[in-house]
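[1] can you look at this prediction? I've put the sequence above it.
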Amino acid sequence: MRKVRVRFAPSPTGGLHLGGVRTALYNYLFAKKHGGDFIIRSEDTDQSRFVTGAEEYIFECLKWCGIEPDESIQHPGNYGPYRQSERKDIYRNYADQLVKDGNAYYAFDTKEELEKMREDFKTTENPSPQYDYSIRKKMRNSLNLSANETKELLDKTTPYVIRVKMPENEVIHFTDMIRGDISFETGLVDDKVLLKADGMPTYHLAVVVDDFLMKITHIFRGEEWLPSAPVHLLLWKYLGWENAMPEWAHLPLIMGPNGKLSKRDGAKYGFPVFAMNWTDPKTNELTEGFKEKGFLPEAFINLLAVLGWNDGTAQEIYNMEELIEKFSMARVHAAGAKFDYEKAKWFNHEWIKRLNIESLPSGQAGLRFQVKDILLTAGIAITDNSLLDKVIELVKDRCILLPDFVQHAGFFFKTPETLDTDAVKPKWNDDKLKFFQEYCQLLNGIVTWELVEIEHVFKTLVAEKNSKPGELLLPLRIMLVGGKFGPAVFQIAELIGKAETIKRIENAMKQF
RNA sequence: GCCGCGUUGGUCAAGGGGUUAAGACGCCUCCCUUUCACGGAGGAAUCACGGGUUCGAAUCCCGUACGUGGUACCA
């Protein structure tokens, strides 16, 4: 029994979107569940499209999610290098071997010739002709040229690519861990480029070679790779590695409101699609991440994990430990799942409610730290941790995203700058003014500043004046918190203290 | 066009020959609460369609439709 080894090969062009993180997560969960290794290979095959900073960004995102690779550029193991540009010679070697064995060939067609071919063979029935077994007979490649002609072209360093030679009439099938038996006719698959003119491998060559060399046992990737699976299968066979063949699973896509989830959807519908803030270095355009939006990493991995997977029970809230224990690839849905931001927020709410105040199981700082941080960015510095803890306990039920704490906890530490006077003014009168003046005096006389006392004094005075508590409670709330929200008024008064309570009432009275 | 994959309420989904077809999000109603939430109790809402197979189909088979991905010297 081989040790489980899985790998994640994030695209360098787009940073990490929802689907990417979920692929990483599923790979990670599977590896950890089976006591295996989680490996990250960096795909930088296409230098011209490489986005600077993407590599670091990906590691940061995964780290935030609590996913640390066992092997990667940053955590080298025995199977490096892990960056494709540094493995160039390795790929070339295997490409040459494929040519030598007659399973691949040199193709000298220029970009223009390819375009011409696609134009010439285009019909209404077949709008995009492929470079396949029938077309390749008509192109400029080592299959049609004589050995000498080929050698001559190579000697003259004519640009060329190496393409796989797909068999004309074979059925290739394999078992997908999610979808079961899947088969393809090889004649319908094109002769994919394996090695590009610049000497870099395409994904097709790179994955196969890397997965073999890095002793990968399971390949989990997005569903968009399913159509090229037969190419990969054949390559494993042609390279003579059939007995080391890994198992496969093609993960369902994550969909947006209309079709596959895209970065645009995020902007259009107002929800994040990246784990963390992503600034496109080319356009300088900032896309807000789940982290910055106020999601807890626990909530983020939780919602991602159950978007396309469930363990068959009604359980919805899982921490990383439980996910590792319960995850199984066979229970991943084959159909794509539409991302629902409302549900995503619900997960965050649940996690805010249950997150430990002090620290996380992962050893990271707990809710207190995160709330403190969010208040600080809003200009509210916290010095009293025990007060903060009490406040968090009191208001966390009404906070969905982290920044909600600014509204719901901020006024405990900072006098509200503006009051919702409109809610009070229309019904404000001299009687009420007198009531609050007297209430302030009474509050001032309270010796032990406690909830029951503050409330008792209020109620007694209300009874004395023969007024309705409801009409006075709302103004008091506005005075203390600034608006029609927050927990029980007297609880707020207790926590902000005697002096501050009286100060806020007196200040507010001037404004009504 | 061709090829692959898919299709259970608006969304995530359980169920894989006999179920009153779970549960969650969202929505609605009520209760609780002298604010807003939380919480509690209810409610509306689903097996894409058409054929088979079967005593019996959401479940198995075929077809159709629709969705989605691929069809690049992108990944």
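    Perfect, I can see it now.
[2] show me what whichever strand or helix holds A:Ala31 is packed up against.
    When elements are assigned from DSSP states H and E, A:Ala31 belongs to helix A:18-33. In terms of contacts (3 or more C-beta pairs under 8 Å, 6 or more residues apart in numbering; DSSP states H and E), helix A:18-33 is packed against strand A:5-8, strand A:37-40, helix A:54-64, strand A:218-222, strand A:247-251, strand A:254-255, helix A:297-305, helix A:320-326. For every residue, glycine as well, the C-beta is placed using N, CA and C.
[3] turn these into a markdown table, columns for mean pLDDT.
    Output for those, formatted as a markdown table (pLDDT from 0 to 100):
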| stretch | mean pLDDT |
| --- | --- |
| strand A:5-8 | 96 |
| strand A:37-40 | 96 |
| helix A:54-64 | 88 |
| strand A:218-222 | 96 |
| strand A:247-251 | 96 |
| strand A:254-255 | 94 |
| helix A:297-305 | 96 |
| helix A:320-326 | 96 |
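[4] and A:Gly77, what does it touch?
    By C-beta atoms under 8 Å, 6 or more residues apart in numbering, A:Gly77 lies in contact with A:37, A:39, A:70-71.
[5] where's it relative to A:Lys116, distance?
    47 Å (C-beta to C-beta, to the nearest Å).
[6] any idea how far A:Leu62 is from A:Arg368?
    With distances taken as C-beta to C-beta, A:Leu62 is found 25 Å from A:Arg368.
[7] who has more neighbours, these two?
    Neighbour count, other C-beta atoms under 10 Å: between A:Leu62 and A:Arg368, A:Leu62 has more, with 24 against 18.
[8] RNA strand B contacts on the stretch 51-200 of chain A?
    A:109-111, A:114, A:118, A:124-131, A:159-161, A:179-180, A:182-185, A:188, A:190, A:193, A:196-198, A:200 (C-beta under 7 Å from any atom of the strand).
[9] pull out the buried residues from those residues.
    A:109, A:129-131, A:160-161, A:184, A:190, A:193, A:196, A:200 (16 or more other C-beta atoms under 10 Å).
[10] ok, which residues in the stretch 401-512 of chain A are in contact with RNA strand B?
    Contact residues (C-beta under 7 Å from any atom of the strand) of the stretch 401-512 of chain A with RNA strand B: A:462, A:468-470, A:473-474, A:477, A:484-488.
[11] name the residues that touch stretch A:232-241?
    Applying C-beta under 8 Å, 6+ apart, the contact partners of stretch A:232-241 are A:94, A:97-98, A:101, A:103-104, A:164, A:166-167, A:172, A:174, A:186, A:194, A:204-205, A:207-209, A:212, A:242, A:244-245.
[12] so who does A:Glu185 touch?
    A:169-172.
[13] now do 6 Å
    By C-beta atoms under 6 Å, 6 or more residues apart in numbering, the contact set of A:Glu185 is A:Val171.
[14] mind checking pLDDT for it?
    The per-residue pLDDT reported for A:Glu185 equals 94.
[15] hey, what's it bridged with?
    A:Val171 (DSSP bridges).
[16] send me stretch A:406-417 as CSV with only the CA atoms.
    Taking C-alpha atoms only, stretch A:406-417 is exported to CSV below (Å, rounded to 0.1, in the frame of the first residue of the first chain):
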residue,chain,number,x,y,z
VAL,A,406,-18.1,48.0,15.1
GLN,A,407,-21.8,48.9,15.2
HIS,A,408,-22.8,46.5,18.0
ALA,A,409,-19.8,46.7,20.3
GLY,A,410,-18.3,50.1,19.4
PHE,A,411,-20.6,52.2,21.5
PHE,A,412,-19.5,50.4,24.6
PHE,A,413,-16.1,52.0,24.2
LYS,A,414,-16.8,55.2,22.4
THR,A,415,-19.5,57.8,22.9
PRO,A,416,-21.7,57.7,19.8
GLU,A,417,-20.9,60.6,17.6
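[17] how far does it sit from its chain's centre?
    Computed by C-alpha atoms, centre = their mean, to the nearest Å, the chain-centroid distance of stretch A:406-417 equals 31 Å.
[18] got it, and stretch A:126-142?
    With C-alpha atoms, centre = their mean, you get 40 Å for stretch A:126-142.
[19] hmm, who's touching that stretch?
    Outside stretch A:126-142, the residues that touch it by C-beta under 6 Å, 6+ apart are A:105-109, A:118, A:121, A:150, A:168, A:187, A:190-191.
[20] narrow these to just the buried residues.
    Applying 16+ other C-beta under 10 Å to the contacts of stretch A:126-142 flags A:105-109, A:150, A:190-191 as buried.
[21] now the two most distant members of those.
    The largest separation in the buried ones among the contacts of stretch A:126-142, counting by C-beta to C-beta, is between A:Thr150 and A:Asp190 at 21.2 Å.
[22] can you tell me the closest non-neighbouring residue to A:Ala197?
    Excluding the flanking residues, the one nearest A:Ala197 by C-beta to C-beta, 6 or more residues apart in numbering is A:Pro159, at 4.4 Å.
[23] so how do I select the buried members of the contacts of stretch A:232-241 in PyMOL?
    Here is the PyMOL command that picks out the buried ones among the contacts of stretch A:232-241, judged by 16+ other C-beta under 10 Å:
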select buried, chain A and resi 94+98+103+104+164+166+167+172+174+186+194+204+205+207+208+209+212+245
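[24] filter the contacts of stretch A:232-241 down to the ones in helices?
    A:94, A:97-98, A:204-205, A:207-209, A:212 (DSSP state H).
[25] which one of the residues you listed sits closest to RNA strand B?
    A:His204 (7.3 Å; C-beta to the nearest atom of the strand).
[26] wait, isn't the closest one in contact with A:Val231?
    Yes. Applying C-beta atoms under 6 Å, one finds A:His204 in contact with A:Val231, separated by 5.3 Å.
[27] re the thing from before, could I get the contacts of A:Gly77 as JSON lines with neighbour count and distance to A:Leu261?
    Compiled in JSON lines, those are given as follows (neighbours: other C-beta atoms under 10 Å; distance: C-beta to C-beta, whole Å):
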{"residue": "A:Asp37", "neighbour count": "21", "distance to A:Leu261": "29"}
{"residue": "A:Ile39", "neighbour count": "25", "distance to A:Leu261": "26"}
{"residue": "A:Asp70", "neighbour count": "16", "distance to A:Leu261": "29"}
{"residue": "A:Glu71", "neighbour count": "20", "distance to A:Leu261": "29"}
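[28] distance of A:Glu242 relative to A:Trp236?
    For A:Glu242, the distance to A:Trp236 equals 6 Å [C-beta to C-beta].
[29] now do A:Ala24
    Distance from A:Ala24 to A:Trp236, counting by C-beta to C-beta: 23 Å.
[30] these two - which one has more neighbours?
    A count of neighbours by other C-beta under 10 Å puts A:Ala24 above the other of A:Ala24 and A:Trp236, at 27 against 19.
[31] the more buried one and A:Leu251, how far apart?
    Counting by C-beta to C-beta - A:Ala24 and A:Leu251 are separated by 11 Å.
[32] pLDDT on stretch A:274-282, on average?
    Here the average pLDDT along stretch A:274-282 is 86.
[33] quick one: end-to-end length of it, please.
    Chord length of stretch A:274-282, first to last residue, is 17 Å (C-alpha to C-alpha, to the nearest Å).
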